[in-house]
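what's the 3D shape of this:
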Amino acid sequence: MVKYFRVVWVLSLCLIFSCSAHKKAKDTTGIKEITDRQEEASPYVLGSGDEITINVWRHDDLKRTVRIDPSGNIYLPLAGEIRASDLTISQLREEVSLRLSKFLVDPQVDISLSTLRSQQVHVLGEVRTPGSFSLERKLLVWEAISKAGGFTDDANQKKVLLVRSENDVARVTALNLNIRGMLKNGKIQRNVYLKNDDIVYVLPSFIADIERFMIRFSNIISPLVSIERAIIFGDEVVDILTGEPREREVIISP
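Next up is the predicted model:
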């Protein structure tokens, strides 16, 4: 462990290890912080760049396809400028209906997503075609890895890192992809759905030099996370990277 902290000092990374003696008995500490907030996958949230098609029943002149501008707004006749970014389609429909109700009697508004451009996830590390992929629907970690061509021959197929940025902090947790441990009665019992800008990093099966790996890891994720963000590594990640695994099972759950 001491050797690992020396590595972090050399790299000058803002890494905060959430390790304390009273947490050692918790097997899912790092994962729980993320997955407790995901008991159900959230509806899709619109963002800048997304294109939506708007129809108003019996008012064909109001039908149009618009793109959410960089400031997060759209413009519609009668309704004017409307903030669309960070709203679900249902929320935007309600807002458009409210605006149009000042001019139309009981407007029936239908909104559909034409082109998704605002949300994406990144799959990196030991996958065959690493890159960024559109988050067009609810996407599981193992589905994202499949989109990236699957594991390479050198991949650790049981443990991957999930980097999730929230409130100016990037939290790194380890996910268990042991399919046998996830299956019960032939069905996957618990899953983690990805969010916008999540980074899935597939570890190599063997890390010979921790310092070299950390430099490479930092260089890869730096363009995808703000440099002001702290990077918090959960206890289970420290165990994996230092080569000092403990007997425990990290279960991924929504």
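
for the biggest strand by length in the chain, name the packing helices and strands.
Using DSSP state E, we find that the single longest strand of the chain is strand 155-166. In this structure, strand 155-166 packs against strand 120-125, helix 141-147, strand 169-176, strand 199-204, with contacts taken as 3 or more Cβ pairs under 8 Å, 6 or more residues apart in numbering; DSSP states H and E. Any C-beta I mention is one placed from the backbone N, CA and C, and that applies to glycine too.

Pro77 is nearest to which of these?
Pro77 lies closest, by Cβ to Cβ, to one member of those: strand 120-125, at 31.7 Å.

for that closest one, packing partners?
Strand 120-125 packs on strand 131-134, helix 141-147, strand 155-166, strand 199-204, helix 210-221, going by 3+ Cβ pairs under 8 Å, 6+ apart.

from the chain's centroid, how far away is that strand?
9 Å (Cα atoms, centre = their mean, to the nearest Å).

about what we covered before: quickly, which of the helices and strands packed on strand 155-166 bottoms out on average pLDDT?
Mean pLDDT is lowest for strand 169-176 out of those, coming in at a mean of 84.

next, the angle helix 210-221 makes with it.
Going by axes from the mean of the first three to the mean of the last three Cα atoms, to 10 degrees, strand 169-176 is angled at 120 degrees with respect to helix 210-221.

distance check, Arg171 against Val238.
Counting by Cβ to Cβ, to the nearest Å, the gap from Arg171 to Val238 is 13 Å.

Leu87 too?
To Val238, Leu87 is 39 Å away according to Cβ to Cβ.

wait, Thr88 touches Leu46, no?
Yes: in this structure Thr88 lies within contact range of Leu46 using Cβ atoms under 8 Å: 7.1 Å.

more neighbours: which of these two?
Per other Cβ atoms under 10 Å, whichever of Thr88 and Leu46 has more neighbours is Leu46, with 24 against 13.
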